[in-house]
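Engineer: One predicted model, sequence on top.
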Amino acid sequence: MHSVMLRANALVTFSVAILALMCAMASLSDYLNSPSPTAQVQVLNVYRFQKKRNGDDEVSLTFNISANLQSVFTWNTKQVFVFLAAEYGTPKNALNQVYRS
């Protein structure tokens, strides 16, 4: 007959082996996931575009954003950060970028 310590050792060893197998399967499932988010942005109306005295540009506009981020969300996703970048050109600078999160 086995002692209590041998039975406890077998139970703990089996539990740790199952936990390691579950962790390996979880890591593999996250590694095989290939997210493919899509987004479309439409500028609906530009209300004003003006240049300020200090050299900055100011624009007021309305746009429509449609995004499908469903493939990004998995069991391991805690947070998703999304930002919008506007690019435009002026005679002085060929490329201007504005970021908004």
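Structural biologist: Thanks, I have it. Bear in mind the structure is a predicted one, so any value in this text is a computation, not a measurement. Numbering: from 1, shown residues only.
Engineer: What are the neighbouring residues in contact with the residue nearest the centre of the chain?
Structural biologist: Nearest to the mean C-alpha position of the chain, by Cα atoms, centre = their mean, lies Val80 at 3.5 Å. Taking Cβ atoms under 8 Å, 6 or more residues apart in numbering, we find Val80 in contact with 69, 72-73. The way it works is simple: take the backbone N, C-alpha and C, and place the C-beta from them, glycine included.
Engineer: Would you check how far apart it and Val98 are?
Structural biologist: Relative to Val98, Val80 is positioned 21 Å away (Cβ to Cβ, to the nearest Å).
Engineer: again with Val12
Structural biologist: In terms of Cβ to Cβ, Val12 sits 57 Å off from Val98.
Engineer: just Gln42 next, same as before
Structural biologist: Counting by Cβ to Cβ, the gap from Gln42 to Val98 is 17 Å.
Engineer: could you say what helices and strands the worst-scoring helix or strand of the chain on mean pLDDT packs with?
Structural biologist: Least confident helix or strand of the chain, by mean pLDDT, DSSP states H and E, is strand 96-100 with a mean of 77. Secondary structure elements in contact with strand 96-100, counted by 3 or more Cβ pairs under 8 Å, 6 or more residues apart in numbering; DSSP states H and E, are strand 84-88.
Engineer: Mind listing the strands the strand it packs on pairs with, and their directions?
Structural biologist: Its sheet considered, strand 84-88 pairs with strand 96-100 (antiparallel) by DSSP bridges.
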